[in-house]
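Novice: fold the following and give me the result.
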Amino acid sequence: MAYGPSMSDDLVWLDATAQADLVRRRQASPVELVEAAIARIEQTNPELNAVIIPRFEKARAEAASPALPEGPFRGVPFLLKDLICCSAGDPHHMGTRFLRDLGFIAPLDTYLAEKFRAAGFVFLGKTNTPELGTLPTTEPEAYGPSRNPWDTSRSTGGSSGGSAAAVAAGMVAAAHANDGGGSIRIPASACALVGLKPSRGRISCGPGLGEMLGGLATEGVLTRSVRDTAAILDAVAGPMPGDPYVAPPPARPFAAEVGAPVGRLRTGLLTRPPGGQFAAHPDTVAAAEGTARLLASLGHSVEVSHPEALDDPESAPHFTTMYATGMAHLLDVLGHVVDRVLGPADVDALNWGLAEMGRGCSAAQYLATREWIARYTRRMASWWAGGFDLLLTPTLTAPPLPLGHFVPDPGDPIAVGIRAARLAAFTSPFNLTGQPAISLPLHWGTGELPSGVQLVAAYGREDLLIRVAAQLEAARPWAGRRPPVHA
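Specialist: Numbers count the residues shown, from 1 in each chain. This is a model prediction of the structure:
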């Protein structure tokens with residue numbers, strides 16, 4: 001098959017599963033898929049600033065190589081978020097100016113990158129991320145803002161915002177993401193994608209890390225279809241030898257849950273932010289309430305209920321302790337990488353303020369926070385153990401916000417952190433507990449801006465989330481919706 005613009009047009013909205021099927025049936029080659037995706041990136045990226053580090057020539061060579069692995073996604077174009085997961089020989093800057101200016105190159109593949117490669121994905125480049133992944137928007141000083149394809153004056157969310165913009169605009173069908181407070185689910189909501197945060201320990205953080213951010217963070221992907229999310233999870237899940245803990249293995253492949261009978265699920269509904277100190281935007285409330293009605297129409301039980309522990313005001317300071325100590329440690333590690341002590345001129349005001357806060361935390365305080373989180377996790381889990389299958393919430397407390405809303409103020413750097421915490425009020429608790437949670441694009445509100453809905457299951461129950469997500473996708477399909485800016 002000859003490559004040309006018409007082929008790129010034909011491929012643009014095929015999900016990764018469909019693209020891989022074309023390769024298996026010899027109706028397209030990996031080279032053709034890669035060339036078409038490169039053309040889409042070159043066409044669309046200048047307006048969205050999603051892909052910041054292209055590796056097109058390497059991708060062309062890998063796609064043409066007989067050594068390209070015969071994995072389930074052989075030849076499918078893919079993007080890596082420029083944070084944590086790195087690929088050998090490629091730039092790795094994590095949204096920072098000092099790594100960019102140093103021209104830092106990753107010396108090895110992480111275990112996850114190896115898994116993506118073994119699945120057959122071809123890496124086309126790296127996507128934009130806020131500096132060190134801290135904020136729920138993607139506007140790093142190092143690379144400038146990514147723009148939302150649904151409204152380019154709006155944020156893509158973060159920290160996987162570059163990946164989200166690329167997938168939503170049709171540059172690629174799927175892209176790497178990770179989540180330490182909502183960073184898969186937040187951009188999924190803002191850009192109308194499927195975003196699953198897997199259970200703690202489901203995907204290895206090796207070889208360099210036993211766990212990320214004390215277990216709060218996990219790796220994953222952003223996609224446009226539930227079946228892609230399930231099949232990619234099958235490809236990358238599983239421990240690296242020596243991992244400190246492992247999520248319970250599924251009874252069968254996650255992909256087998258797509259289209260499987262769901263049964264009648266008992267679902268709790270929560271539409272006000274945990275703690276009840278402020279109200280969510282009406283569009284996000286409408287998203288959750290509309291999904292509740294859809295679940296009821298599919299035969300599920302839905303009632304207003306949520307874990308009492310969600311409203312505990314102590315969760316916020318303990319979450320902050322984990323982030324602050326994690327930032328202090330990360331800056332120390334990166335200082336070793338660049339062979340100098342990092343200072344306030346090297347990072348934005350929020351990250352420096354968090355690091356200073358972390359340095360002031362004693363070992364006793366840190367261990368007390370770890371113990372508090374363990375008790376909190378048990379309190380949360382008791383709600384699911386008490387008979388509920390799912391918790392339904394808005395993903396965010398607001399639709400996509402204007403660019404610039406989360407720019408740190410050097411005079412009051414923590415204020416932007418407070419704004420970020422309010423936006424992520426529904427997502428961050430499940431980073432503390434390690435439970436799986438998925439954001440689905442089931443609602444478009446004022447100005448046709450997307451607002452995702454979040455479903456949360458008990459620890460280890462991604463199978464249940466995938467099953468019901470596929471049922472909702474079939475009942476209210478979103479595949480035909482296109483953002484104004486797309487390839």
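
Novice: contacts, neighbours, all on C-alpha from now
Specialist: Noted.

Novice: now do the contacts for Ala16.
Specialist: The contact partners of Ala16, by C-alpha atoms under 8 Å, 6 or more residues apart in numbering, come to 73, 76, 173-174, 228.

Novice: same question but for Leu265, I mixed them up
Specialist: Leu265 neighbours (C-alpha under 8 Å, 6+ apart): 300-301, 388-390.

Novice: make CSV out of the residues you listed and add secondary structure, distance to Tyr143 and neighbour count.
Specialist: Shown next, in CSV, are the contacts of Leu265 (DSSP: H, G, I helix; E, B strand; the rest coil; distance: C-alpha to C-alpha, whole Å; neighbours: other C-alpha atoms under 10 Å):
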residue, secondary structure, distance to Tyr143, neighbour count
His300, coil, 45, 17
Ser301, strand, 46, 17
Phe388, coil, 44, 21
Asp389, coil, 42, 21
Leu390, strand, 39, 25
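
Novice: from these, pick the one nearest Asp21.
Specialist: Distance to Asp21 across the contacts of Leu265 (C-alpha to C-alpha) is lowest for Leu390, with 32.8 Å.

Novice: check what pLDDT the closest one gets.
Specialist: If you check Leu390, the pLDDT there is 99.

Novice: again, but for Pro5
Specialist: Pro5 is given a pLDDT of 49.

Novice: Leu270 against Thr395, yeah?
Specialist: No. The criterion here is C-alpha atoms under 8 Å, and Leu270 misses it with Thr395 at 10.8 Å.

Novice: these two - which one has more neighbours?
Specialist: Thr395 (34 against 20; other C-alpha atoms under 10 Å).

Novice: so who does the more buried one touch?
Specialist: Per C-alpha under 8 Å, 6+ apart, neighbours of Thr395: 185-186, 189, 284, 424, 426-427, 439, 451-454.

Novice: so which of those residues is surrounded by the most neighbours?
Specialist: Ranking the contacts of Thr395 using other C-alpha under 10 Å puts Arg185 first, with 37 neighbours.

Novice: how near is it to Glu219?
Specialist: Arg185 sits 12 Å away from Glu219, going by C-alpha to C-alpha, to the nearest Å.

Novice: equivalent analysis for Leu80, please.
Specialist: On the measure of C-alpha to C-alpha, Leu80 and Glu219 end up 11 Å apart.

Novice: check contacts around Thr446.
Specialist: Neighbours of Thr446 in contact, by C-alpha under 8 Å, 6+ apart: Asp283.

Novice: the nearest residue to Pro394 once chain neighbours are set aside pairs with what?
Specialist: Using C-alpha to C-alpha, 6 or more residues apart in numbering and skipping residues adjacent in sequence, the residue nearest Pro394 is Val453, 4.5 Å away. Using DSSP bridges, the bridge partners assigned to Val453 are Pro394, Leu440.

Novice: how close does Val453 sit to Ile105?
Specialist: 37 Å.

Novice: Arg467 too?
Specialist: From Arg467 to Ile105 the distance is 40 Å (C-alpha to C-alpha).

Novice: mind checking what helix or strand follows the lowest-mean-pLDDT helix or strand in the chain in sequence?
Specialist: When the helices and strands of the chain are scored by mean pLDDT, DSSP states H and E, helix 5-11 comes last with a mean of 68. Using DSSP states H and E, the helix or strand that follows helix 5-11 in sequence is helix 16-24.

Novice: which strands and helices lie in contact with the helix or strand following that following helix?
Specialist: Per DSSP H and E, the first helix or strand lying C-terminal to helix 16-24 is helix 30-48. For helix 30-48, the packing partners by 3 or more C-alpha pairs under 8 Å, 6 or more residues apart in numbering; DSSP states H and E come out as helix 5-11, helix 56-64, strand 77-81, strand 122-127, helix 161-168.

Novice: give me the buried stretch members for helix 30-48, please.
Specialist: 30-41, 44-45, 48 (16 or more other C-alpha atoms under 10 Å).

Novice: average pLDDT for that helix, rounded please.
Specialist: 98.

Novice: CA atoms only: put it into PDB for me.
Specialist: In PDB, the C-alpha atoms belonging to helix 30-48 read as follows (Å, rounded to 0.1, in the frame of the first residue of the first chain):
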ATOM      1  CA  PRO A  30       4.500  -0.300  10.500                       C
ATOM      2  CA  VAL A  31       6.400   2.200   8.200                       C
ATOM      3  CA  GLU A  32       3.100   3.400   6.700                       C
ATOM      4  CA  LEU A  33       1.500   3.800  10.200                       C
ATOM      5  CA  VAL A  34       4.500   5.800  11.400                       C
ATOM      6  CA  GLU A  35       4.700   8.000   8.400                       C
ATOM      7  CA  ALA A  36       1.100   8.800   8.600                       C
ATOM      8  CA  ALA A  37       1.400   9.700  12.300                       C
ATOM      9  CA  ILE A  38       4.400  11.900  11.700                       C
ATOM     10  CA  ALA A  39       2.500  13.800   9.100                       C
ATOM     11  CA  ARG A  40      -0.400  14.300  11.500                       C
ATOM     12  CA  ILE A  41       2.000  15.600  14.200                       C
ATOM     13  CA  GLU A  42       3.700  17.900  11.800                       C
ATOM     14  CA  GLN A  43       0.300  19.300  10.700                       C
ATOM     15  CA  THR A  44      -1.300  19.700  14.100                       C
ATOM     16  CA  ASN A  45       1.400  20.000  16.800                       C
ATOM     17  CA  PRO A  46       2.400  23.600  16.000                       C
ATOM     18  CA  GLU A  47      -1.000  24.800  17.200                       C
ATOM     19  CA  LEU A  48      -1.200  22.500  20.300                       C
END
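
Novice: good, wrapping up.
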